[in-house]
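Student: just the structure for this:
(one chain, ligands or ions: 1)
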Amino acid sequence: MADAREVREASGKLGVLTQGMGAVATTFFAGVELIKRGLADPVGSLTQLGTIRLGERTEDRMPKIKDFVPLAGTEDLVFGGWDAFPDDAYEAAAHAGVLEKEHLNAVREELKEIRPFPAVFDPRYVARIEATHTKGYGSLREASEQVREDIRAFKEQNDLDRVVMVSCSSTEAYLQPQKAHFALEDFEAAMDASDPAISPSMVYAYAALMEGVPYANGAPSLAVDIPALTQLAGERGVPIAGKDFKTGQTLMKTIVAPGLKARMLGLEGWYSTNILGNRDGEVLDEAGSLKSKEVTKLSVLDTILRPDVHPELYGDITHLVKINYYPPRGDAKEGWDNIDLFGWLGYPMQIKINLLARDSILAAPIVLDLALFLDLAQRAGMGGIQEWLSFFFKSPMTPPELYPEHDLFVQQMKLENTLRAMRGEGLLTHPGPDYYE
Ligand SMILES: NC(=O)c1ccc[n+]([C@@H]2O[C@H](COP(=O)([O-])OP(=O)(O)OC[C@H]3O[C@@H](n4cnc5c(N)ncnc54)[C@H](O)[C@@H]3O)[C@@H](O)[C@H]2O)c1
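Tutor: Below is the predicted model:
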């Protein structure tokens with residue numbers, strides 16, 4: 001058995017700040033408040049319901065993850081955030097229309113208390129929002145100083161021991177990493193010059209890292225996923241993860257594709273289309289933001305199927321992803337997938353997947369898990385990119401020399417083995433023969 005890592009206990013309160021207090025963030029806040037009062041179960045949350053097998057099958061050891069590693073408890077969580085609208089979390093949740101009145105009213109007081117700090121906002125990055133609750137600043141460096149002050153004030157006013165940040169902010173326009181994003185000194189000079197290459201998400205991420213606050217990015221925007229900031233996170237020992245929560249269609253894709261690949265079934269095409277009518281959909285109705293989302297959604301199949309290794313099965317796939325803003329649906333998203341595959345002797349088959357879901361119901365437990373795992377990583381002294389949290393993302397961040405793992409089951413194994421290693425338990429390799437030798 002390897003040595004366990006030293007992990008500081010989770011004492012005191014943990015603040016969770018969300019950049020953006022829209023549908024996902026408020027569904028998360030409301031859900032945790034309902035759970036705290038025993039009015040709901042944390043369905044979909046690995047940290048709350050997941051178990052982890054330890055040792056051999058004969059040992060019958062299968063603790064809950066939250067009993068195995070020292071996570072903060074939901075009762076110790078305190079929420080805050082930033083938004084470009086001044087609505088408190090109750091009003092924002094009512095606007096988002098995800099949760100029923102009965103649920104919202106049961107935690108109305110708690111949600112009313114959560115009022116957003118004004119946003120660092122740039123309409124060039126999120127065009128479809130008429131922001132009314134924004135900060136005034138000279139340079140982007142000054143904007144980051146203000147975000148840092150917000151973090152400190154939130155920590156002090158709520159008497160918090162630690163803070164983590166999860167971005168649940170609108171998708172920003174697509175951006176290729178460029179000069180200002182590589183070296184930290186160039187990034188900081190670009191902030192001083194308010195260079196348009198620096199997006200608001202990068203300003204929040206920089207502020208978080210400078211305050212030693214772990215940062216996860218649930219949006220497809222670049223944010224912390226640029227060399228200057230991954231380097232800063234490594235140097236300061238702050239955990240980071242991203243990007244884009246893996247929820248509906250992409251979750252299904254990374255469940256089904258590894259199965260087809262495992263059986264060496266071939267693919268000709270995968271056509272995915274979505275309709276959604278929430279504010280996220282409205283923002284995505286703009287070409288720049290849509291491109292960011294399409295890029296993260298399209299990236300998943302290649303590393304699962306490896307067409308370079310299996311050209312006869314996956315060498316010629318048409319993979320299309322469409323997203324349409326369709327207001328009548330609100331948050332009730334519908335996704336269709338048509339998969340054209342082939343089997344023995346090349347005979348064709350089809351699979352259709354029709355997913356109907358409130359978008360934010362799948363995302364909210366991921367925000368909880370990321371907040372708790374990022375806090376754990378920090379207490380365990382694990383800074384920089386947290387690849388073991390790839391499980392939660394459509395486009396997992398990796399060091400530049402590595403390709404990301406998209407297969408949900410590889411990601412799950414990586415996550416569980418990281419926890420086992422942290423506690424000095426043997427890694428699970430499923431060898432088998434030792435049982436009957
Ligand atoms: N299942 C899901 O819902 C899901 C899945 C994967 C990713 N995401 C991503 O999560 C993010 C949030 O989704 P949502 O459905 O909650 O969207 P939403 O539109 O309801 O909420 C986003 C909020 O961010 C705010 N905002 C925009 N720019 C900001 C800024 N610069 N600073 C602070 N706040 C800002 C907006 O005012 C809005 O209230 C989006 O990027 C979305 O693509 C959502």
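
Student: which residues touch residue 144?
Tutor: Applying CB atoms under 8 Å, 6 or more residues apart in numbering, we find residue 144 in contact with 120, 191, 203, 204, 206, 207, 210. From N, CA and C alone the C-beta is placed, and that goes for glycine too.

Student: between those, which is nearest residue 145?
Tutor: Lowest distance from residue 145 to those (CB to CB) belongs to residue 207, with 7.8 Å.

Student: for residue 18, see how far away that closest one is.
Tutor: Remark: distance between residue 207 and residue 18 (CB to CB, to the nearest Å) = 14 Å.

Student: tally of neighbours for whichever residue of the chain sits closest to the ligand?
Tutor: Among all residues of the chain, residue 22 sits closest to the ligand, at 1.8 Å; criterion: CB to the nearest ligand atom. By other CB atoms under 10 Å, the residues close to residue 22 number 27.

Student: for residue 123, helix, strand, or coil?
Tutor: With DSSP: H, G, I helix; E, B strand; the rest coil as the basis, residue 123 sits in coil.

Student: for it, which non-adjacent residue is closest in space?
Tutor: Nearest non-adjacent residue to residue 123, counting by CB to CB, 6 or more residues apart in numbering: residue 131, 7.1 Å away.

Student: low pLDDT regions in the stretch 201-350 of the chain?
Tutor: For the stretch 201-350 of the chain, the stretches flagged by pLDDT under 70 are 293, 296.

Student: what residues does it put near the ligand?
Tutor: Counting by CB under 6 Å from any ligand atom, the stretch 201-350 of the chain comes close to the ligand at 218, 219, 244, 245, 247, 278, 279, 280, 283.

Student: any idea which helix or strand comes after the longest helix along the chain?
Tutor: Secondary structure of the chain per DSSP state H: the longest helix is helix 359-379. Where DSSP states H and E defines the elements, the next helix or strand beyond helix 359-379 is strand 384-385.

Student: so for that next one, mean pLDDT?
Tutor: When pLDDT is averaged over strand 384-385, the result is 97.

Student: partner strands of it, with direction?
Tutor: Note on strand 384-385: by DSSP bridges, its sheet partners are strand 239-242 (parallel).

Student: contacts for the partner strand?
Tutor: Residues contacting strand 239-242 (CB under 8 Å, 6+ apart): 167, 205, 209, 214-218, 223-225, 229-230, 233, 370, 374, 377-378, 382-386, 389, 392-393, 395-397.

Student: ChimeraX command to pick out the buried ones of these?
Tutor: Entered in ChimeraX, the line below selects the buried ones among the contacts of strand 239-242, by 16 or more other CB atoms under 10 Å:
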select :167,205,209,214,215,216,217,218,223,224,225,229,230,233,370,374,377,378,382,383,384,385,386,389,392,393,395,396,397
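
Student: comparing residue 207 and residue 18, which residue is more hemmed in?
Tutor: More crowded of residue 207 and residue 18, by other CB under 10 Å: residue 18, with 28 against 23.

Student: C-terminal to the helix or strand hosting the more buried one, which secondary structure element comes first?
Tutor: Using DSSP H and E, residue 18 maps to strand 14-19. The helix or strand immediately downstream of strand 14-19 is helix 23-36, counting by DSSP H and E.

Student: what helices or strands is that following helix leaning on?
Tutor: Judged by 3 or more CB pairs under 8 Å, 6 or more residues apart in numbering; DSSP states H and E, the packing partners of helix 23-36 are strand 77-83, helix 89-96, helix 101-106, helix 108-112, helix 359-379.

Student: next, format those as CSV and append mean pLDDT.
Tutor: Below are the helices and strands packed on helix 23-36 laid out as CSV (pLDDT from 0 to 100):
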stretch, mean pLDDT
strand 77-83, 98
helix 89-96, 96
helix 101-106, 96
helix 108-112, 97
helix 359-379, 97
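
Student: quick one: which of the ones you listed is nearest residue 299?
Tutor: With CB to CB as the measure, helix 359-379 is the member of these nearest residue 299 (18.0 Å).

Student: ok, and does that closest one reach over to the ligand?
Tutor: Yes: with CB under 6 Å from any ligand atom as the criterion, the ligand is reached by helix 359-379 at 359, 360, 362, 363.

Student: count of residues packed around the third one?
Tutor: Residue 362 sits with 19 neighbouring residues when counted by other CB under 10 Å.
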